[in-house]
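Novice: take this sequence and fold it.
(one chain, ligands or ions: 2)
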Amino acid sequence: MTNQAPIPVIVNGAAGKMGREVVKAVAQAPDLNLVGAIDSSPQHQEKDAGELAGLSEPLEVPITNQLEPMLGYVAGERQGPPGVIVDFTHPDSVYDNIRSAIAYGIRPVVGTTGLSPEQIEDLADFAEKASTGCLIIPNFSIGMVLLQQAAVAASQYFDHVEIIELHHNQKADAPSGTAIQTAQLLGELGKTFNPALVQETEKLAGARGSQADEGIRIHSVRLPGLIAHQEVIFGAPGQIYTLRHDTSDRACYMPGVLLAIRKVLALKSLIYGLEKIL
Ligand SMILES: NC(=O)C1=CN([C@@H]2O[C@H](COP(=O)(O)OP(=O)(O)OC[C@H]3O[C@@H](n4cnc5c(N)ncnc54)[C@H](OP(=O)(O)O)[C@@H]3O)[C@@H](O)[C@H]2O)C=CC1
Ligand SMILES: O=C(O)C1=N[C@H](C(=O)O)C[C@H](O)C1
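Specialist: Ligands and ions are numbered 1, 2, ... in the order given. Presented below is the predicted three-dimensional model:
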């Protein structure tokens, strides 16, 4: 046991599906201290974040939509380690949330997807200039990191690959951040996939999915009953090689989230991807 003060953690999007899971995980970690719970949802204002997350005891941390005052309050605490904010909100707000946090010296751990490459580059510049750690992690599950590593290994031997991502139908962004990152990782290998054999015509727009990096197509499925799933399908004459990852509970992301909270404090710049901090 060490006598170090716990890391102060704010959860943004605390009333959402992922936010509630993070509130529980942070509350149960002895080296972390949930100091703030932010959510814009009007129906959850002032509710106790712990009770909303399903904990039997209240945490005495009320949900509020006041991000800047919360950042200012945590930044003003001079004792102990600097604060961390975990963001699982919405693609439309995440960029501004990260900039505000960095401006206050609070370290962002970001799960929210939908940031453009330009936005990520801009945030990386901002974090670098502020000498502040920031982690943007499109997928916090270890299974997805392993799938991506297997896909990178396979792509050395296959020239044809497509990605199918399947999610619940409350997801705002498509394709998923994970699918985009998977295509980027394959695209970094310096080869172009899927050389065309015929002139294709889409009789219905979007039939062949979206075009990501280096000729890789991504197909997005949205259905109730799904949580988060991804297939990477490689093809070659006479064979198909399929990699698939399925989530059945959002708890699968929590070891990665807790690791990121602990790691971000030692960083001085922005890092993208769980695989870089394992
Ligand atoms: N990196 C990873 O491993 C994972 C990433 N995700 C990503 O996390 C994000 C959130 O997912 P999920 O929890 O399922 O979504 P939810 O819609 O369940 O939760 C988001 C919560 O944030 C609130 N919110 C929206 N905008 C703001 C804002 N500007 N400030 C504060 N709160 C806000 C929402 O309120 P309201 O409902 O009123 O809008 C809602 O309560 C998505 O981008 C998703 O893709 C999800 C799972 C894993
Ligand atoms: O919205 C979700 O649920 C998920 N979003 C992330 C993404 O867009 O990749 C991660 C995971 O797929 C779950």
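Novice: now do the same contact list for the residue in the stretch 101-250 of the chain that ligand 1 sits nearest to.
Specialist: Closest residue of the stretch 101-250 of the chain to ligand 1, CB to the nearest ligand atom: residue 111 (3.3 Å). Yep, even glycine has a C-beta here, placed from its N, CA and C like the rest. Counting by CB atoms under 8 Å, 6 or more residues apart in numbering, residue 111 makes contact with 18, 86-88, 137-138, 140, 253, 257.
Novice: most surrounded residue in the residues you listed?
Specialist: residue 86 (29 neighbours; other CB atoms under 10 Å).
Novice: if I've got this straight, that residue is in a helix?
Specialist: No. Counting by DSSP: H, G, I helix; E, B strand; the rest coil, residue 86 is not part of a helix but strand.
Novice: for ligand 1, what are the nearby residues on this structure?
Specialist: 12-13, 15-19, 38-41, 88-91, 93, 111-114, 137-140, 171, 253 (CB under 6 Å from any ligand atom).
Novice: quick one: buried ones out of those?
Specialist: 12-13, 15-16, 18-19, 38-40, 88-91, 93, 111-114, 137-140, 171, 253 (16 or more other CB atoms under 10 Å).
Novice: among those residues, which are located in helices?
Specialist: The helices, defined by DSSP state H, take in 18-19 from these.
Novice: near ligand 2, from the buried ones among the residues of the chain next to ligand 1?
Specialist: 113, 138-139, 171.
Novice: how about those in CSV, adding pLDDT?
Specialist: What follows is those, written out as CSV (pLDDT from 0 to 100):
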residue, pLDDT
113, 98
138, 98
139, 98
171, 98
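Novice: now distance to residue 155 too, for these, in TSV please.
Specialist: Shown next, in TSV, are those (distance: CB to CB, whole Å):
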residue	distance to residue 155
113	23
138	18
139	18
171	26
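Novice: tell me which two of the contacts of residue 111 sit farthest apart.
Specialist: Taking CB to CB, the two most distant members of the contacts of residue 111 are 86 and 138; they sit 14.5 Å apart.
Novice: excluding sequence neighbours, find me the nearest residue to the residue in the stretch 1-150 of the chain positioned nearest to ligand 1.
Specialist: Using CB to the nearest ligand atom, the closest approach of the stretch 1-150 of the chain to ligand 1 is made by residue 16 at 1.9 Å. Leaving aside its sequence neighbours, residue 16 sits nearest to residue 88 (CB to CB, 6 or more residues apart in numbering; 5.8 Å).
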